[in-house]
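Undergrad: take a look and give me a structure for this.
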Amino acid sequence: MNNPDKIFTFGSNLAGRHGAGAALFAKQHHGVIQGQGVGRQGNSYGIPTKDRNIETLPLDKIAPYVRQFLRYAEAYPDLKFQVTRVGCGLAGYTDKDIAPMFAGAPENCELPEGWREWKAAQD
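TA: Below you'll find the predicted structure:
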């Protein structure tokens, strides 16, 4: 999973505590900065799914961070983004909750299996 040619994109928290799950992996292998919970960090990109108290954010609070990420990915077409199942681990959401937020993701985003097709399958 550790590919230096891809930006590891993971669910984070607004406190920037990267102590478990994909965030810990990002800290150990992709240059995540302790205390920074949003955006590009080293060879990674954090999308908050939890608040500063490590409580799960509501979906309507996660969506703007996903949109911010998608704009970033679109602005950097030369980069490749390996998107994990953001929000579907420790935050407790399902693919059905999160995948639609990534509808229309640019081609340089490698989404989890089935996510790119999610919206098309629902239409």
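Undergrad: and the strands in the chain?
TA: Per DSSP state E, the chain carries strands over the ranges 6-13, 39-41, 44-50, 80-83, 109-110.
Undergrad: output the ones you listed in CSV; the columns should cover mean neighbour count.
TA: From N, CA and C alone the C-beta is placed, and that goes for glycine too. Below are those laid out as CSV (neighbours: other CB atoms under 10 Å):
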stretch, mean neighbour count
strand 6-13, 25
strand 39-41, 18
strand 44-50, 25
strand 80-83, 20
strand 109-110, 19
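Undergrad: mind putting these into a markdown table with distance to Pro58 and mean pLDDT?
TA: Output for those, formatted as a markdown table (distance: least, CB to CB, whole Å; pLDDT from 0 to 100):
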| stretch | distance to Pro58 | mean pLDDT |
| --- | --- | --- |
| strand 6-13 | 14 | 96 |
| strand 39-41 | 20 | 95 |
| strand 44-50 | 10 | 97 |
| strand 80-83 | 21 | 97 |
| strand 109-110 | 23 | 96 |
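Undergrad: can you put the ones you listed in JSON lines and add distance to His29?
TA: Shown next, in JSON lines, are these (distance: least, CB to CB, whole Å):
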{"stretch": "strand 6-13", "distance to His29": "7"}
{"stretch": "strand 39-41", "distance to His29": "12"}
{"stretch": "strand 44-50", "distance to His29": "9"}
{"stretch": "strand 80-83", "distance to His29": "12"}
{"stretch": "strand 109-110", "distance to His29": "17"}
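Undergrad: kind regards, and thank you for your time.
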